[in-house]
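**Q** need a structure here:
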Amino acid sequence: MSKAPGEADEALLREQMLVAAFHLDAIGLNRGSTGNLSVRVGEYWLVTPSGVAAQDLAPQSMVRMDFNGEPLGPGKPSSEWRFHRDIFVSRPDAGAIVHTHSRFAAAFSCLHRDIPAFHYMIAIAGGDTIRCAPYALFGTQELSDHALAALEGRKACLLGNHGLIALGADLKRAVAVAIEVESLCEQYWTALQLGEPQILSTAQMQWVHEKFKTYGHTNT
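**A** I've put the predicted structure just below:
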């Protein structure tokens, strides 16, 4: 028997989540059971389960949730389900969310240091900086509130003494933002070993944002 369209879409998204989790683990952005990711599926959403390492995941491991934070099926959701839920509710542009404990992003998060416009690619996160949210205990509403504030007008932020959050219209784009933010954090760390990098001005970054509106697009 063939699956209904909604069931087929969810099955595909579960597979994509599994591939993304494997990829983030393989490239070192997550290790063991750290980090989590989620995708919007119409009137509900899927999130990776709590405390399961990437290599032990399967498509059926992903936990279906409603927008009140209640599970709609078996499995225990990631302890960070609150900020996933709150981002989906407050950000209709977010179709997927990636959270990692990647090395360089986590290091700067421990300094509670925003990443400034030392490189024009900071614009990929949606603004002139990548903000760092204050520390709050993982899995709490306080952490979610801090994350929402740091993500205002942005596609990524650091979480104090923790890691990073990246979002996108779909999982592919959310993963791409997470990878780029980690790369930028590594580049910024490298630059700081040599001195204080020159920071691009607001006007210079505005031009970057304008260029990004058509970057990668072709005229048809």
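
**Q** Quick check: the gap between residue 163 and residue 137.
**A** For residue 163, the distance to residue 137 (C-beta to C-beta, to the nearest Å) stands at 14 Å. C-beta coordinates here come from the backbone N, C-alpha and C atoms, glycine included.

**Q** more neighbours, those two?
**A** For the pair residue 163 and residue 137, the greater number of neighbours falls to residue 163 (24 against 10), based on other C-beta atoms under 10 Å.

**Q** Now the more buried one, what are its backbone angles?
**A** Main-chain torsions, residue 163, degrees, to the nearest 10: phi 170, psi -140.

**Q** Grab the nearest non-local neighbour of it.
**A** Excluding its sequence neighbours, the residue lying closest to residue 163 (C-beta to C-beta, 6 or more residues apart in numbering) is residue 101, at 4.1 Å.

**Q** Does that neighbour touch residue 35 like I think?
**A** Yes - contact criterion C-beta atoms under 8 Å: residue 101 and residue 35 qualify, at 5.6 Å.

**Q** in the protein, which spans are helices?
**A** Taking DSSP state H to define them, one finds helices in the chain at 5-26, 81-90, 103-110, 141-150, 171-194, 202-212.

**Q** Taking their axis directions, the second one and helix 141-150 sit at what angle?
**A** Counting by axes from the mean of the first three to the mean of the last three C-alpha atoms, to 10 degrees, helix 81-90 lies at 40 degrees to helix 141-150.

**Q** Give me the contact list for helix 81-90.
**A** Contact partners of helix 81-90, identified using C-beta atoms under 8 Å, 6 or more residues apart in numbering, comprise 36, 38, 40, 45, 47, 65, 67-69, 78, 94, 97, 99, 139-141, 143-145, 147-148, 151, 165, 167.

**Q** now swap in the third one and tell me
**A** Contact partners of helix 103-110, identified using C-beta under 8 Å, 6+ apart, comprise 28, 115, 132, 158-164, 181-182, 185-186, 188-189.

**Q** 6 Å - rerun?
**A** Helix 103-110 is contacted by residues 132, 158-164, 182, 185-186, 189 when judged by C-beta atoms under 6 Å, 6 or more residues apart in numbering.

**Q** so where is this structure shaky, pLDDT-wise?
**A** Scanning the chain with the threshold set as pLDDT under 70 gives 1-8, 216-220.

**Q** coming back round to it: I'd like the distance between the residue nearest to residue 163 and residue 45.
**A** Applying C-beta to C-beta, the value for residue 101 to residue 45 is 22 Å.
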